[in-house]
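**Q** need a 3D model of the sequence below.
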Amino acid sequence: MAAMKKKIPSQLILAISILIVGGGLVGGEYLLVRWLPGHRQRVSDETLKQLPYHNDALGIDMQMAKGLFGTAETFPSGVKISHSTFWSIGASLTITSQPNPDQNWEFTPEVLAKWESRGAVEDLPLYHVEHTKISNRDAMLIRQLKGRYLHLTARIICRERIIEADCSPGAEDEVLYMQACDETLRSIKVAGAEPPPPAPGVVELGPAVKVK
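**A** The predicted structure is shown next:
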């Protein structure tokens, strides 16, 4: 007599299905609520972690975000550091040095006006210029869209030369890597003579007040 195959009760199948689906939902909730935010924070901390970088040829020191470190390609007037990835275009940082023919310690109002108006004149999207100080030197931070990717460029003026550092997230997380670019560029220190301290302002004295 042939052995009869036992049928699995439909209630048992339903219970197992509910258990599997419920376990998947619980696991998904844990991933979204507990693990994923912590993972993102760890990625952010690791990307923004500052590491010292020195370049004798350019005469600069800075604290470079770890997420920007990569292959360094030197050329006569500078260096390009590329953080390459297997599947996309990674972040990059290009630093160059050019002569300062005017020997000025600061950018002239004409030069500043030229850079500040460039976005409107050339109709450049997302263009913004910040006139600032970087390590006690006169500087500009220029944000602009080049092709498909945002770039943040620092122009730092010294008596003999102008250092230009151009940083781009590439196809990486734009918000995170733009922060990495910003923090890195603001840390640049250029070797050489420091600009003189500003002249003390003239204090105007009013007429003496007679005490009766």
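**Q** in contact with Thr71: list those residues for me.
**A** Ile81, Ser82, Ser84 (Cβ atoms under 8 Å, 6 or more residues apart in numbering). The C-beta positions use only the backbone N, C-alpha and C, and glycine is treated the same way.
**Q** quick one: residues contacting the first one.
**A** In this case it means Ile81. Neighbours of Ile81 in contact, by Cβ under 8 Å, 6+ apart: Met64, Leu68, Phe69, Gly70, Thr71, Ala72, Glu73, Ser92, Leu93, Thr94, Ile95.
**Q** wait, the first one touches Lys49, no?
**A** No. When contacts are counted by Cβ atoms under 8 Å, Met64 is not listed as touching Lys49 (9.7 Å).
**Q** more neighbours, those two?
**A** Neighbour tally, Met64 and Lys49, criterion other Cβ atoms under 10 Å: the higher count belongs to Met64, 22 against 14.
**Q** secondary structure class of that one, three-state.
**A** strand (DSSP: H, G, I helix; E, B strand; the rest coil).
**Q** for it, what are its contacts?
**A** Contacts of Met64 by Cβ under 8 Å, 6+ apart are Gln50, Leu51, Pro52, Tyr53, Ile81, Leu93, Thr184, Ser187.
**Q** ok, for it, nearest residue in space, not its chain neighbours?
**A** Counting by Cβ to Cβ, 6 or more residues apart in numbering, Met64 lies nearest to Tyr53, which is 4.3 Å off, once chain neighbours are set aside.
**Q** the strand or helix carrying Leu145: which residues count as buried?
**A** Assigned by DSSP states H and E, Leu145 belongs to strand 137-146. Buried residues in strand 137-146, counted by 16 or more other Cβ atoms under 10 Å: Arg137, Asp138, Ala139, Met140, Leu141, Ile142, Arg143, Gln144.
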